[in-house]
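# Below is the sequence, then the predicted model.
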Amino acid sequence: MLKGFFKVPHPVNEPILNYGPGSRERQLLKDALAEARAEQIDIPMYIGGKEIRTGTKVKMSPPHDHQHLLGTYNQGDKQHVTNAINAALAAKPEWENLPWEQRAAIFLKAADLIAGPYRYKLNAATMLGQSKNAFQAEIDAACELIDFLRFNVKYMCEIYEQQPPVSPRGSWNRLEQRPLEGFVFALTPFNFTAIAGNLPSSAAMMGNVVVWKPSNTQIYSANILMQIFREAGLPDGVINLVYVSGPDAGEVIFNHPDFAGIHFTGSTAVFQDIWKTIGNNIHKYKTYPRIVGETGGKDFILVHSSADVEASSTAILRGAFEYQGQKCSAASRVYIAASVWPKIKELLIRDLASLKMGPTEDFGNFINAVIDEKSFDKLSGYIDRAKSDKGLEIIAGGKYDKSKGYFIEPTVLLTKDPYYITMCEELFGPVLTIYVFEDKDFEKTLEIIDKTSIYALTGAVLAQDRYALTKATHALRNAAGNFYLNDKCTGAVVGQQPFGGARGSGTNDKAGSMINLLRWVSPRTIKETFDPPKDYRYPFLDKE
């Protein structure tokens, strides 16, 4: 086989299309939306390269139009999980022995397919299945996933280039990165198509084989991701896509001796249960499983008295309400200095009143639906509780309606209690709570922010005072894995801000960085001696 020291294409962030009126991309996306709405599809599972259909069909509808049928997916069971594991393990020998540049080529091709012929189809699926507007779908399903694939190939190359710095005369020290011994389980969320694509592909890129279970509410776009991977040349069985219940998946996977790792994004409670199960079953595994998870947050914005009020209002509105507050990084608690609060309140209420809410197919809508009825009922319950609480004031929103879709108005609560329930618990929706503090209590407020929640994912501080920024950066060093100065707390970009948090927000293995890919390999050190000793005796043994 021919050899070479190959250099991969230098990655750059995918340009974001703006979908403005009259633009070519706007029309192409509208065409893709119309085409998707016009047909009802039957989505199979993909196990060992075969399309698997069952007798159990589950309906899929847009969250913003729950009477419209997009199609059905085929619900699986424990046997399908077992079959997926067997298919993955059968594919493992050839896949892990494939030259790394051949693996790289597959995922680079997948990135180009998303950037080109699949861009509008994948964005449209994300808009319909997950109720994202055109811009939110573009920065997620297209741009972020393309960036994950291209930058991860570069990181893979850099990992393989890392070698021991010293090889003394007469020997050669080498380091090789082996894929994990077994299979990886990718458990992916509804809110980002890019995450759904990255969690299985990043592990597979490093030579691993994967069983992938997406959120039920993301299956519509997950199906297209699998089509893209297959068209890019991913061999059968390397990534196996199954639609089963969490308990069914867990019972089979976490009892299997070849379970080698989990790549997870979801709730803290589920992740902790998974960790506990793995711990209880640790004696069953051939190797200690890698546990990598990002589990959400109670993300904050802090506005100092020196902050620019227009920048602050914009950061709050975008940070809290883009994609209906369903980003892991979305702001849900805000602390504002009393001296700037009146002006920020005025700007915030003005801009919130201008937001339009409705289906994603209407490009004039900034706000769309929350993901499903369960989420709607939870969020509306918190709003009802707030309405009856005399210690709270609802200064914007508060209305909701699920007759057509799961619509909840962007809702802003004002509390006098910095430890009120909505300041502490993750809601995952368009409900924001604001606490106004006296300017002199800035340092005290830093302590409150740091101690308020179990999470530590994202946070932002807006201030013109450099001493205030410095003080906040230090005081909140453990409160957020992604920390923003004079910006909103959302919008991490691959290659710029690797994403992940600590505390209750996960293992902080930084998706979109080399750090994450290192979790999916197991290094082996090789020392080769060219002229080995032929006598056991050392000089110190000689008599004087």
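Nice, I can see it.
# Quick check: the residue nearest the centre of the chain vs A34, distance?
Closest to where the C-alpha atoms of the chain average out (CA atoms, centre = their mean) is I195, at 4.1 Å. To A34, I195 is 27 Å away according to CB to CB, to the nearest Å. C-beta: built from backbone N, CA, C; applies to glycine.
# Now stretch 221-234 - C-alpha only, PDB.
In PDB, the C-alpha atoms belonging to stretch 221-234 read as follows (Å, rounded to 0.1, in the frame of the first residue of the first chain):
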ATOM      1  CA  SER A 221     -33.500  15.300  10.400                       C
ATOM      2  CA  ALA A 222     -31.400  12.400  11.800                       C
ATOM      3  CA  ASN A 223     -32.600  10.300   8.900                       C
ATOM      4  CA  ILE A 224     -31.100  12.800   6.400                       C
ATOM      5  CA  LEU A 225     -27.800  12.900   8.300                       C
ATOM      6  CA  MET A 226     -27.600   9.100   7.900                       C
ATOM      7  CA  GLN A 227     -28.300   9.400   4.200                       C
ATOM      8  CA  ILE A 228     -25.500  11.900   3.900                       C
ATOM      9  CA  PHE A 229     -23.000   9.700   5.800                       C
ATOM     10  CA  ARG A 230     -23.900   6.800   3.500                       C
ATOM     11  CA  GLU A 231     -23.500   8.800   0.400                       C
ATOM     12  CA  ALA A 232     -20.200  10.100   1.600                       C
ATOM     13  CA  GLY A 233     -19.000   6.500   1.700                       C
ATOM     14  CA  LEU A 234     -19.300   5.500   5.300                       C
END
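# If you count neighbours, what's buried in it?
Residues of stretch 221-234 classed as buried: 221-226, 228-230, 232, 234 (neighbour count, 16 or more other CB atoms under 10 Å).
# Dump those residues into JSON lines; add pLDDT as well.
Formatted as JSON lines, the buried residues of stretch 221-234 follow (pLDDT from 0 to 100):
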{"residue": "S221", "pLDDT": "98"}
{"residue": "A222", "pLDDT": "98"}
{"residue": "N223", "pLDDT": "98"}
{"residue": "I224", "pLDDT": "98"}
{"residue": "L225", "pLDDT": "98"}
{"residue": "M226", "pLDDT": "98"}
{"residue": "I228", "pLDDT": "98"}
{"residue": "F229", "pLDDT": "98"}
{"residue": "R230", "pLDDT": "98"}
{"residue": "A232", "pLDDT": "98"}
{"residue": "L234", "pLDDT": "98"}
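# What are the phi and psi values at the nearest residue in space to S505 that is not next to it in sequence?
Spatial nearest neighbour of S505, excluding adjacent residues (CB to CB, 6 or more residues apart in numbering): L457 at 3.9 Å. Main-chain torsions, L457, degrees, to the nearest 10: phi -100, psi -70.
# Give the burial count for L457, as a bare number.
L457 has 31 neighbours, counted by other CB atoms under 10 Å.
# re the thing from before, buried residues in the helix or strand where the residue nearest to the centre of the chain lies?
Secondary structure from DSSP states H and E places I195 in helix 193-205. For helix 193-205, the neighbour count (16+ other CB under 10 Å) marks 193-205 as buried.
# Report the mean per-residue pLDDT for it.
Across helix 193-205, pLDDT averages out at 98.
# which is the next helix or strand following it?
Following helix 193-205 in sequence order, the next helix or strand is strand 209-213 (DSSP H and E).
# Not counting that following strand itself, show me its contacts.
81, 84-85, 88-89, 91-92, 95-96, 183-188, 199-200, 203-204, 222, 237-244, 246, 249, 253 (CB atoms under 8 Å, 6 or more residues apart in numbering).
# from those residues, which ones fall inside helices?
Among the contacts of strand 209-213, the residues falling in helices (DSSP state H) are 81, 84-85, 88-89, 91-92, 95-96, 199-200, 203-204, 222, 246, 249, 253.
# W172 - that's part of a strand, no?
Yes - assessed by DSSP: H, G, I helix; E, B strand; the rest coil, W172 belongs to a strand.
# So the closest residue to it other than its chain neighbours: helix, strand or coil?
Residue nearest to W172 in three dimensions, not counting chain neighbours: E528, with 4.8 Å by CB to CB, 6+ apart. Following three-state DSSP, E528 is assigned to strand.
# Tell me how far P179 lies from R519.
From P179 to R519 the distance is 12 Å (CB to CB).
# repeat for Q40
Going from Q40 to R519 by CB to CB gives 39 Å.
# now do R178
As judged by CB to CB, R178 and R519 stand 13 Å apart.
# out of those two, which sits in the more crowded spot?
R519 (20 against 13).
# what's the pLDDT at the more buried one?
At R519, pLDDT is 98.
# ok, it to E294 distance?
Counting by CB to CB, the gap from R519 to E294 is 12 Å.
# Surely H304 and R466 touch.
No - H304 lies out of contact with R466 (CB atoms under 8 Å); the separation is 10.8 Å.
# In contact with the closest residue to V211 other than its chain neighbours, which residues are there?
Leaving aside its sequence neighbours, V211 sits nearest to A84 (CB to CB, 6+ apart; 4.6 Å). With contact set as CB under 8 Å, 6+ apart, A84 has these partners: 45, 47-48, 211, 240, 242.
# Tell me which of these fall in strands.
45, 47, 211, 240 (DSSP state E).
# Just the buried ones out of those, please.
Buried among those by 16+ other CB under 10 Å: 45, 47, 211, 240.
# Run a quick neighbour tally on K284.
K284, neighbours per other CB under 10 Å, totals 12.
# Now it. Nearest residue, chain neighbours left out?
Among residues not flanking K284 along the chain, P257 sits closest, at 5.8 Å (CB to CB, 6+ apart).
# Would you confirm that the one you found belongs to a strand?
No - counting by three-state DSSP, one finds P257 to be coil, located in no strand.
# and it, backbone torsions?
phi -60, psi -20.
# So S167 sits against I526, correct?
No - here S167 does not reach I526: they are 10.9 Å apart, not a contact under CB under 8 Å.
# For S167, see how far away the residue nearest to the centre of the chain is.
I195 sits 40 Å away from S167, taking CB to CB as the criterion.
# Next: E443.
Distance from E443 to S167, by CB to CB: 53 Å.
# can you check G504 too?
44 Å.
# These two - which one has more neighbours?
Ranked by neighbour count (other CB under 10 Å), G504 and S167 place G504 first, with 19 against 13.
# was I right about that one contacting E294?
No - checked against CB under 8 Å, the pair G504 and E294 is beyond contact range at 11.0 Å.
# quick one: contacts of stretch 40-48?
51-54, 57, 60, 69-74, 76, 80, 83-84, 86-87, 90-91, 219-220, 223, 226, 230, 236-237, 239-243.
# How many residues are close by A38?
7.
# Backbone dihedrals for it, please?
Dihedral angles for A38 - degrees, to the nearest 10 - are phi -80, psi -10.
# residues of the helix or strand where R318 lies that come out buried?
Using DSSP H and E, R318 sits in helix 309-321. Residues 309, 312-321 are the ones in helix 309-321 that count as buried (16+ other CB under 10 Å).
# What mean pLDDT does stretch 375-383 get?
pLDDT averaged over stretch 375-383 gives 98.
# Enumerate every residue touching I515.
I515 makes contact with 498, 509, according to CB under 8 Å, 6+ apart.
# Can you give me the buried ones in the helix or strand hosting it?
I515 belongs to helix 514-518 when assigned by DSSP H and E. Neighbour-count burial for helix 514-518, counted by 16+ other CB under 10 Å, picks out 514, 516-518.
# K276: which of those is nearest?
N516 (23.2 Å; CB to CB).
# Fine by me, we can end here.
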